[in-house]
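1. What follows is a protein structure lacking sequence information:
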């Protein structure tokens, strides 16, 4: 989750909120790729999650990254809770999941180099302190009681609120991981088309990256338990946003939606002020109970946007949020998929043709079924595996059209980053299916083998 925002003056009028989003519009030559991924850390000896403090801990990892690799510290209330370097940051999820939020980069080659460098640093430090890291959509064995709590004020507030809305909020916070990619748009019309395509096809990403068939030591019956978690969370801030497909979709329409999402907090002078369930509309009028008489700043608006969790969301860029955390190789495949589909106009048009006549009910059903059944989910009687094959073909053509070279010009384009996804489609096996095959075969029902075989 995001670190607190800063800067920006007072908001004088609601129209400025849409202008804030529109300020993200960029010409295609300035479009960038920002990849984020989370991973579970654990102590090798006991295979339990890393505590915040101690010899084998999150703090030891953060201090090692700071001292050895030149990351600058981010502190809250005197606690080291994150790092920054060259436009990227390392942050903590509530249960200690370690997240890299990558810098905005021009190519997937650069993104993959960044991911590889980060994971090499993490592995080197982890080996020294006896820690391992694994990429999965959900913690395979640990109970909620076994999860540590990170010293970040927003997480304390959110923890208290989650039991009041939905049934799986604490599972999301403490025992799930994702990989996502952040992309740009050129105009309001471009944002709308990309928003519609990416929302409709987000279940495809869920299936392609489904990687959480275990929970609390058992087979859970889903390919992506993380996807199930999100389907039973706070409905006011999650889901497939049917209004995006309606006539009149705009930045202003998204603002109307965001203003109706209940607040979590206001950040002031290094502390989080409880605004749980309160209204940003009231805040605009100086009637927020948490801060009576005070009006919001643009940093308050930016913070509020980070507390909204639909399958795709916009800030000054667009975030693809439907994929499970996963193994090293797939962390570069997700940006390849979405860049291929969205960053070339021909590919974007072809992608829209795939989904433009689906109904809201069909999109919702596909979201549910993709998490449960993976490639066996269907849309209008068509297996998701077939749709995946067609979408990957479109993405490949989009990447070829971009023609962004790598390795000093030795690699012609970015299409090879899709290879892991092509292999899944051809085999008919999602990552979750591969894990289940290991569990039922070579592991002989011993889920502890997952750490040895699937850690970074």
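-> Arrived safely. No experiment lies behind these values; they were computed from the predicted model shown.

2. drop to CA atoms for contacts and neighbour counts, all remaining ones
-> Fine.

3. tally of neighbours for the closest residue in space to residue 443 that isn't next to it in sequence?
-> Taking C-alpha to C-alpha, 6 or more residues apart in numbering as the measure, residue 443 lies nearest to residue 449, with 6.3 Å between them; neighbours along the chain are not counted. When neighbours are counted by other C-alpha atoms under 10 Å, residue 449 registers 14.

4. hang on, isn't residue 449 packed against residue 440?
-> No - between residue 449 and residue 440 there is no contact, the gap being 11.6 Å when judged by C-alpha atoms under 8 Å.

5. can you give me the strands in the stretch 301-450 of the chain?
-> If DSSP state E, counting those that start in this stretch is used as the criterion, the strands of the stretch 301-450 of the chain fall at 312-314, 318-324, 378-379, 382-383.

6. Pick the most buried one from those.
-> Most buried of the strands of the stretch 301-450 of the chain, by mean neighbour count (mean count of other C-alpha atoms under 10 Å): strand 318-324, with a mean of 26.

7. Can you name every helix or strand that that one contacts?
-> With contacts defined as 3 or more C-alpha pairs under 8 Å, 6 or more residues apart in numbering; DSSP states H and E, the packing partners of strand 318-324 are strand 178-183, helix 188-208, helix 225-231, strand 312-314.

8. Please tabulate these in TSV and include distance to residue 409 and mean pLDDT as additional columns.
-> Compiled in TSV, the helices and strands packed on strand 318-324 are given as follows (distance: least, C-alpha to C-alpha, whole Å; pLDDT from 0 to 100):
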stretch	distance to residue 409	mean pLDDT
strand 178-183	24	98
helix 188-208	29	98
helix 225-231	38	98
strand 312-314	33	98
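
9. want to try JSON lines for those, with distance to residue 338 as columns?
-> Formatted as JSON lines, the entries for the helices and strands packed on strand 318-324 read as follows, by distance: least, C-alpha to C-alpha, whole Å:
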{"stretch": "strand 178-183", "distance to residue 338": "8"}
{"stretch": "helix 188-208", "distance to residue 338": "8"}
{"stretch": "helix 225-231", "distance to residue 338": "19"}
{"stretch": "strand 312-314", "distance to residue 338": "12"}
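
10. closest one to residue 388 among these?
-> helix 188-208 (6.5 Å; C-alpha to C-alpha).

11. what residue ranges in this protein are flagged as low confidence?
-> Judged by pLDDT under 70, the chain has its weakly predicted residues at 1-7.

12. tell me the centre residue of it?
-> Ranked by distance to the mean C-alpha position of the chain (C-alpha atoms, centre = their mean), the top residue is residue 180 at 3.8 Å.

13. partners of that one in the sheet?
-> Beta bridges link residue 180 to residue 36, judged by DSSP bridges.

14. didn't it look like it was pressed against residue 38?
-> No - with contact defined as C-alpha under 8 Å, residue 180 does not count as touching residue 38 (9.1 Å).

15. the helices in the stretch 251-400 of the chain, which residues?
-> 251-259, 280-284, 298-305, 333-342, 345-355, 360-373, 384-402 (DSSP state H, counting those that start in this stretch).
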